[in-house]
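Undergrad: whatever this is, show me its structure:
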Amino acid sequence: MTAREQISTAPASAVHVLDPEKAKRFNARTMLIPSPLDIRAALRSVSPGVTITVHEMKANLAESAGAECTCPFALGKGWQLVALAAEEDRASGEPEITPWWRMTVAGKPSPKMPGGVENHRLRMHEDGVLLK
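TA: Alright, predicted model coming up:
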C-alpha cells in the first residue's frame, strides 16, 4: 500500500481522555491523536520560507482540536507518512507537493524523513529557508 493510500484510509483525528497515569505523564487530561490528513493540512498552511517546530505543531493541533496535548508518536508517524506521500507525488509529477520540510525538530532537519537530513536540508533550502 502506498503512503497516499495509507493516508486516505487512516482514521480521523480524535481527542481522547487520558487515564490517570498517562494524564500525569503528559500533564494533560486530553490528548489529540492527529490524522495524517490533518497533519498534511497543517503543513500546507505553513508559508514558503517559514518553518514550524514539532513542538509548535503539537501545540497548534491540540489547540485547534480542543485538546490539552497532541500524541507525539502519532504526530511523528503521521509526519513521516505525509512526507513519503509527498515524495510519491513528486515522483509521479504531481504539481502540488505537501511541504513536509517546513516542520523541523527544534529547528533542525529530521533524519527520519525521506532522504534523511540531507534531503530535508535540500528541500528547506529550495523553499527559501536560511540554514545555519
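Undergrad: give me the residue ranges of the protein where confidence is low.
TA: By pLDDT under 70, the weakly predicted segments of the chain are 132.
Undergrad: now for the one helix or strand Leu61 maps to, which elements pack on it?
TA: Element membership of Leu61, judged by DSSP states H and E, is helix 54-65. On a contact count with 3 or more Cβ pairs under 8 Å, 6 or more residues apart in numbering; DSSP states H and E, helix 54-65 meets strand 30-33, helix 36-44, strand 69-70, helix 72-91, strand 103-104. For the C-beta atoms, the positions are set from N, CA and C on the backbone; glycine is no exception.
Undergrad: ok, now which ones touch the residue nearest to the spatial centre of the chain?
TA: The geometric centre of the chain, computed from its C-alpha atoms, lies nearest to Trp79 (Cα atoms, centre = their mean), at 3.4 Å. By Cβ atoms under 8 Å, 6 or more residues apart in numbering, Trp79 lies in contact with Ile39, Leu43, Val54, Trp100, Met103, Met113.
Undergrad: now these as CSV including neighbour count and distance to Glu126?
TA: Formatted as CSV, the contacts of Trp79 follow (neighbours: other Cβ atoms under 10 Å; distance: Cβ to Cβ, whole Å):
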residue, neighbour count, distance to Glu126
Ile39, 29, 21
Leu43, 21, 16
Val54, 17, 21
Trp100, 24, 13
Met103, 23, 15
Met113, 23, 14
